[in-house]
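Q: 3D model of this:
(one chain, ligands or ions: 1)
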Amino acid sequence: MSKSLTKKEVSEYKTEDKGLYIIVDDGVYDVTKFIDEHPGGAKILKRMAGKDSTKQFWKYHGKNVLEKYGPKLKVGTVKEEAKL
Ligand code: HEM
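A: Numbers count the residues shown, from 1 in each chain. Here you go, the predicted structure:
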């Protein structure tokens, strides 16, 4: 399943009930089920949920992490918002 979401829509996914989404580059990742597996801890992912965590992601991980987990967790891409 892949959809196009605005940053505002992603920002609503910040609770475990609704789901926890994280933005890295132009990808949207559903980490709801991944938080307990995350080697960096569940807390940090819950804190970043609903947000663009591109900067933090690349600070702590290499490209290999996204190659390994990306296909499993990616739910969509960030919709370019109209700049009128
Ligand atoms: C799609 C989202 C994410 C995935 C799939 C993911 C996956 C991983 C993996 C596999 C590791 C183990 C280290 C390695 O193999 O290189 C790791 C470590 C870590 N992650 Fe994430 N991560 C994600 C998001 C984040 C975010 C948003 C943060 C926020 C700052 C974060 C912070 C960390 C930290 C601090 C570590 C280092 C833990 C240590 O070395 O003690 N991660 N993550």
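
Q: mind listing the helices for this protein?
A: Shown for the chain, the helices assigned by DSSP state H span residues 7-10, 42-48, 54-60, 63-73.

Q: which among the ones you listed is found nearest to Asp26?
A: Judged by Cβ to Cβ, the one of the helices of the chain that comes nearest to Asp26 is helix 54-60, at 9.1 Å. C-beta: built from backbone N, CA, C; applies to glycine.

Q: which helices and strands does the closest one pack with?
A: Helices and strands touching helix 54-60, by 3 or more Cβ pairs under 8 Å, 6 or more residues apart in numbering; DSSP states H and E, are strand 19-24.

Q: buried set for the strand it packs on?
A: Applying a neighbour-count criterion of 16 or more other Cβ atoms under 10 Å, the buried positions in strand 19-24 are Gly19, Leu20, Tyr21, Ile22, Ile23, Val24.

Q: gap between the closest residue to Lys14 other than its chain neighbours and Val65?
A: Leaving aside its chain neighbours, Lys14 sits nearest to Gly50 (3.4 Å; criterion: Cβ to Cβ, 6 or more residues apart in numbering). Going from Gly50 to Val65 by Cβ to Cβ, to the nearest Å gives 20 Å.

Q: my guess is Thr54 contacts Asp26. True?
A: No - using Cβ atoms under 8 Å as the test, Thr54 is too far from Asp26 to be in contact (9.1 Å).

Q: list the contacts for the residue most central in space within the chain?
A: The residue lying closest to the centre of the chain (Cα atoms, centre = their mean) is Ile22, at 1.9 Å. Neighbour list for Ile22: Val28, Tyr29, Val31, Leu45, Met48, Ala49, Gly50, Lys51, Ser53, Phe57 [criterion: Cβ atoms under 8 Å, 6 or more residues apart in numbering].
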